[in-house]
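In: This is a predicted model, with the sequence first.
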Amino acid sequence: MKKILLIEDDADLFSLLKYNLEKEGFAMSGLQTGKGALDLCRQVRPDLILLDVMLPDSDGLDICKGIRRDPDLAAVPIIFLTARASETDRIIGLELGANDYVVKPFFVRELIARIKLQFRTQAAPARVLEAGGLELDRTSCQVRLHGEPLALTATEFRLLAFFMSRPGVVFSREQLLNAVWGQDRAITDRAVDVYVLRLRQKVEKDPANPELIHSVRGFGYTFEARRERAAAS
């Protein structure tokens, strides 16, 4: 069941959309203010966000920027709902990262059709990830290094899969904890260092001089097969 997060201050419209979208089989949640919208997005991890541009306490454009800056939410489709109909407003909304722009008033059936279109055009995540001699199969939960199987724990596998699916992106320890261990956890961010060290010992030729999982001073870690990039150039 696809999860839709609705941020809309008009109570009547909020109720109307919630009723019709749940009737279509979507799981609905949301707020009627902008306050707490980003936190709710991180908690719910929606498949699509319906976002009002003009909220009583926030600017929907700023919320969109925050969503696009969050590595865990950056790929979630956003459809703006707004009374701003000018060409300039549409361009600004789309340039900030919205996937679609629906002007009020609109037909609910049209909005549902646009939502379904977003889901049809979403690319399915790659089943097999490959980089630097590593091959990670999400389906079988197996990892091979230069064709040889690696023995990883479940947490090590999730951490490596997260890294490999987002090459070149720098993540803080807190972001990695939220993505791999989840919100409900009883460990500190230093646990990330321990697991990165364990992964390096298993996937790096020389763990002291990593070629795949790199430290970024003062921030966290990133995954990048730099040997491959250098060879290609």
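Out: In hand now; what should we look at?

In: Can you give me the distance of G133 to E24?
Out: 45 Å (Cβ to Cβ, to the nearest Å). Quick note: C-beta positions are derived from backbone N, CA and C, even for glycine.

In: same deal with K104?
Out: Using Cβ to Cβ, one gets 20 Å for the distance from K104 to E24.

In: With P56 instead?
Out: P56 sits 28 Å away from E24 when distances are taken as Cβ to Cβ.

In: These two: which is more packed in?
Out: E24 (15 against 10; other Cβ atoms under 10 Å).

In: Spatially, what comes nearest to the more buried one if we skip its sequence neighbours?
Out: In space, not counting the residues next to it along the chain, E24 is nearest to I112; the distance is 5.8 Å by Cβ to Cβ, 6 or more residues apart in numbering.

In: just R68 next, same as before
Out: Closest residue in space to R68, ignoring its immediate chain neighbours: G97 at 4.2 Å, by Cβ to Cβ, 6+ apart.

In: Tell me the spacing between that neighbour and V192.
Out: For G97, the distance to V192 under the criterion Cβ to Cβ works out to 28 Å.

In: Out of the two, name the residue with the larger neighbour count.
Out: More neighbours sit around V192 than around the other of G97 and V192, counting by other Cβ under 10 Å; the figures are 22 against 16.

In: thought S172 was touching V216?
Out: No: contact status for S172 versus V216: not in contact, 9.0 Å apart, counting by Cβ atoms under 8 Å.

In: Those two - which one has more neighbours?
Out: In this comparison of S172 against V216, neighbours counted by other Cβ under 10 Å, the higher total goes to S172 at 16 against 11.

In: show me what contacts the more buried one?
Out: Contact analysis of S172 by Cβ atoms under 8 Å, 6 or more residues apart in numbering lists 219-220.
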